[in-house]
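Q: please work out how this folds:
(one chain, ligands or ions: 1)
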Amino acid sequence: MTASDTRPATATAATSRHFPSGFLWGAATAAYQIEGAAAEDGRTPSIWDTFSRTPGKVFEGQTGDVAADHYHRFRDDVRLISDLGLSAYRFSVSWSRVQPTGRGPAVQRGLDFYRALVDELLEHGIQPAVTLYHWDLPQELEDAGGWPQRDTAERFGDYARIVGEALGDRVERWITLNEPWCSAFLGYGSGVHAPGRTDPVAALRAAHHLNLAHGRAAAALRDTLPARAQLAATLNLHQIRPLTGSPADLDAVRRIDAVGNRVFTGPLIKGAYPQDLLRDTDRLTDWSFVREGDLAAIHRHPLDFLGINYYAPTVVSAATDSDPDNARNDGHGASEHSPWPAAEDVAFHQADGPRTAMGWSVDATGLSDLLLRCTRDFPGLPLLITENGAAYEDMPGPDGSVHDPERIAYLHSHLDAVLKAVDNGADVRGYFLWSLMDNFEWAYGYSKRFGAVYIDYDTQARIPKSSAHWYTRVARTGELPAPEAGA
Ligand code: IFM
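A: You can find the predicted model right below:
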């Protein structure tokens, strides 16, 4: 989209409002969550294959072995995306499907799958957006030390080059990492995600090596891709609110912002780690794993857009004696171990009001606040909402259809928040609903349904929910209906 084909979001009537022309309407998925075919065509286990087989880690011991069987049904799924009227689709590549040991030569069958998927999308007029890493590190690389080890970043650069060479002639939007905060701090800090380690220093090392991996991948992709290609990273930026306006609560916001957000936006966008983050964590590490030249390498190829994933705001305060279990309330899963290094004196709170099936509060103002904050902090950087959505207890009714008015209301309020941010100057280029279809929700297995399309896991039938029909109307018209007409 160029400056000349953007027009401001406008209210055409008191009741309906338009998105800017050229706005991308999409849906997102991730490889391990939908593909299945875990041991086919040369794919080897990732850390999530191992973690999901570790007793007690995933709901009812469920795995991504079959998931939504997308590997075998991708042509039908692309038809579905097309029927939904979407102009874009974000998917991720399984690293161990294309490079089974995480190093060395690629497996052609793995690359063929993604080429066929991309071709199918393009034939249906759907723009692919590729995520290179959505949490499924090849197990062999974890065995060699995983993200806390620098070599993993180097391996990621090689892998990016392989995928860039295979798909670069036909994919324009490239996202190196999805939510590296989760990879580092849930994977190596609280241990609720694979690989399930619980060491705060390993988590900080992982964060740096993920940043470095982005830098290495960006260099490899810039070397491989045509100049028109757009490079980005996707962050689950925390929209953090203080419980009260007290100086102590405001400092809790600063602390969580440093280790939740600026630990990535600092190096990726500004070229440096924030001084307050280094100070806050200095009793854990001296950060000597950051080597000379790393920050320049991370920052050398500027982001063409920033991918933002938003679900709910984070409310914090300074901990008091009545908040002993401080990280339990942060919405990121129960663990004895906090994902927030050196933040034992910060407490997390659940806001009052409606919640999704994940227990996350429904608060769309968090999204407009976040978009406007990014607009202020990163002037000139286009934003793409690469994930937003909600899990609810969806069930087919007696007639086989699935009605999900709560999801429609969630999407409506969040799209309204996007328009408000656009009206106030945010350069938002598109919106990808999470998720296209129900899928493996990590430690929650298949117990949480985020899809616009219902999956019957016994038959693999796909049933578009009423939210999918609603979203189709919005995507086709570029118009947000009045709330009462929307649900
Ligand atoms: O399912 C996840 C996705 O993989 C990453 N972002 C959050 C989603 C919902 O938890």
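Q: from here on, contacts and neighbour counts on C-alpha atoms
A: Will do.
Q: where does the stretch 351-487 of the chain have low pLDDT?
A: For the stretch 351-487 of the chain, residues meeting the criterion pLDDT under 70 lie at 484-487.
Q: scratch that, the chain is what I was asking about
A: Along the chain, segments meeting pLDDT under 70 span 1-14, 323-328, 484-487.
Q: mind naming the longest helix for it?
A: helix 200-224 (DSSP state H).
Q: now for that helix, which elements pack on it?
A: helix 150-167, strand 173-178, helix 180-181, helix 263-265, helix 294-299 (3 or more C-alpha pairs under 8 Å, 6 or more residues apart in numbering; DSSP states H and E).
Q: please repeat the previous calculation with a cut-off of 10 Å.
A: strand 127-133, helix 150-167, strand 173-178, helix 180-181, strand 230-235, helix 263-265, helix 294-299 (3 or more C-alpha pairs under 10 Å, 6 or more residues apart in numbering; DSSP states H and E).
Q: buried residues in it?
A: For helix 200-224, the neighbour count (16 or more other C-alpha atoms under 10 Å) marks 200-222, 224 as buried.
Q: what about residue 338, neighbour count?
A: Number of residues near residue 338 (other C-alpha atoms under 10 Å) recorded here: 26.
Q: do the same with residue 428
A: Residues near residue 428, counting by other C-alpha under 10 Å: 24.
Q: go on, residue 264?
A: Residue 264, neighbours per other C-alpha under 10 Å, totals 26.
Q: next one: residue 243
A: 20.
Q: start at 8 instead
A: From this message on, residue numbering opens at 8, which makes the last subject residue 250.
Q: surely it meets residue 257?
A: Yes - counting by C-alpha atoms under 10 Å, residue 250 touches residue 257, with 8.6 Å between them.
Q: got any residues that touch both of these two?
A: Counting by C-alpha atoms under 10 Å, 6 or more residues apart in numbering, the contacts common to residue 250 and residue 257 are 323-325.
Q: buried among the residues you listed? Make that a ChimeraX selection.
A: Selection of buried members from these for ChimeraX, criterion 16+ other C-alpha under 10 Å:
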select :323,324,325
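Q: quick check: of the shared contacts of residue 250 and residue 257, which lies closest to residue 190?
A: residue 323 (21.9 Å; C-alpha to C-alpha).
Q: which strands and helices sit next to whichever helix or strand that closest one is part of?
A: In this assignment (DSSP states H and E), residue 323 forms part of strand 321-325. For strand 321-325, the packing partners by 3+ C-alpha pairs under 10 Å, 6+ apart come out as strand 247-249, helix 254-264, strand 353-356.
Q: flag every buried residue along the longest one.
A: Yep, that's helix 254-264 we're talking about. 256-264.
Q: just send the residues you listed back as TSV, with distance to residue 274 too.
A: Shown next, in TSV, are the buried residues of helix 254-264 (distance: C-alpha to C-alpha, whole Å):
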residue	distance to residue 274
256	26
257	23
258	22
259	22
260	20
261	17
262	17
263	17
264	14
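Q: pick the one among those closest to residue 236.
A: Proximity of these to residue 236 (C-alpha to C-alpha) peaks at residue 264, which lies at 30.6 Å.
Q: list the contacts for the closest one?
A: Counted by C-alpha under 10 Å, 6+ apart, residue 264 has contacts 244-248, 258, 270, 284.
Q: let's see 8 Å
A: By C-alpha atoms under 8 Å, 6 or more residues apart in numbering, the contact list for residue 264 reads 245, 247.
Q: one more: residue 288?
A: 348-349.
Q: so where do the helices sit in the stretch 358-494 of the chain?
A: 372-384, 412-430, 473-484, 490-493 (DSSP state H, counting those that start in this stretch).
Q: just to check, residue 108 is in contact with residue 147?
A: Yes - here residue 108 reaches residue 147: they are 5.7 Å apart, a contact under C-alpha atoms under 8 Å.
Q: redo the shared contacts of residue 250 and residue 257 as a markdown table? Include distance to residue 274.
A: A markdown table is the format used below for the shared contacts of residue 250 and residue 257 (distance: C-alpha to C-alpha, whole Å):
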| residue | distance to residue 274 |
| --- | --- |
| 323 | 25 |
| 324 | 26 |
| 325 | 27 |
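Q: now the helices and strands packed on helix 207-231 in a markdown table, with distance to residue 92?
A: Below are the helices and strands packed on helix 207-231 laid out as a markdown table (distance: least, C-alpha to C-alpha, whole Å):
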| stretch | distance to residue 92 |
| --- | --- |
| strand 134-140 | 12 |
| helix 157-174 | 24 |
| strand 180-185 | 19 |
| helix 187-188 | 30 |
| strand 237-242 | 23 |
| helix 270-272 | 33 |
| helix 301-306 | 36 |
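Q: having no further points to raise, I will conclude here.
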